[in-house]
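Undergrad: Need the 3D shape of this:
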Amino acid sequence: MGDATRSSAEELDDDIDEFDHVDPDPDLLQPPSHAWRARTAIEMIISGAIGLFASFVLSIEALTLAADPDATLGCDFNAVISCGKVAQSPEATLFGFPNAFLGIAAEAVVITVAVAVLGRVVFPRWFMLGAQAIYTLGFLFAWWLFFVSFFGIGALCPWCLLITVTTTLVWAGLTRLNVREGVITFPGRWGPAARRFVDHGNDWFVTIALIVLLAVAILVKYGSIILA
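TA: Residues are numbered from 1 along each chain as shown. This is a model prediction of the structure:
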């Protein structure tokens, strides 16, 4: 009885070991090539620069409204596409100052990181994890603001939408880099699978699908007004 129990336990351990065992892919265990890192960095720089520009525009518009609450902004087209309506909502100054100021700070930092990556700088893991955590909060915040505008305020700000898209692209690039370089790790077989997923560029399909979903939601709800 004891031998049978021990044998069963050993077989179970063997099964667990076999399940957890991951045949390492030598290419995935090596750091990605500089060309791969450079492509990702350039994507982040371009997206971040566009987001930075949009944040500057929103900050100027916030100052314009502060000086004259009745001012008409350049992107006030109708009841739905209205930067002014969104900017005068409580959510636009959630922390006591225009959200655009946060965008300026966040994009400036991430652009700096991307430029350093382009220059072959390899940051320590704790730094990249911190950058990932902070920018993930920014990513979630941008999408939360979109949901508030979409469902609550009932108006959309073109510059805010642009920031939502660029924040998504920058976050996807940063995540892609951290997964491929092993900064973000997953247990067992999920680790090599995740690195292979981004190494083959499959994460782009997820990113594009998210942006397309955003566009479709806007067209379904407001298309008749926007296209009128």
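Undergrad: residue ranges with poor pLDDT in the chain?
TA: With pLDDT under 70 as the threshold, the chain has low-confidence stretches at 1-29, 227-228.
Undergrad: For it, which segments count as helices?
TA: Taking DSSP state H, the helices of the chain run over residues 2-20, 26-29, 34-67, 83-87, 99-118, 125-147, 158-180, 190-199, 203-226.
Undergrad: Need these in TSV (columns: mean neighbour count and distance to L73).
TA: For the C-beta atoms, the positions are set from N, CA and C on the backbone; glycine is no exception. Formatted as TSV, the helices of the chain follow (neighbours: other CB atoms under 10 Å; distance: least, CB to CB, whole Å):
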stretch	mean neighbour count	distance to L73
helix 2-20	9	57
helix 26-29	11	49
helix 34-67	18	5
helix 83-87	24	5
helix 99-118	19	13
helix 125-147	16	17
helix 158-180	23	10
helix 190-199	17	39
helix 203-226	13	17
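Undergrad: mind listing what the residue sitting nearest the centre point of the chain touches?
TA: Centroid-nearest residue in the chain: W171, 2.6 Å away (criterion: CA atoms, centre = their mean). Shown in contact with W171 (CB atoms under 8 Å, 6 or more residues apart in numbering): 135-136, 138-139.
Undergrad: same question, M128
TA: If you count contacts by CB under 8 Å, 6+ apart, M128 has them with 177-178, 181, 183.
Undergrad: In TSV, list these along with distance to G154.
TA: TSV is the format used below for the contacts of M128 (distance: CB to CB, whole Å):
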residue	distance to G154
L177	37
N178	37
E181	42
V183	40
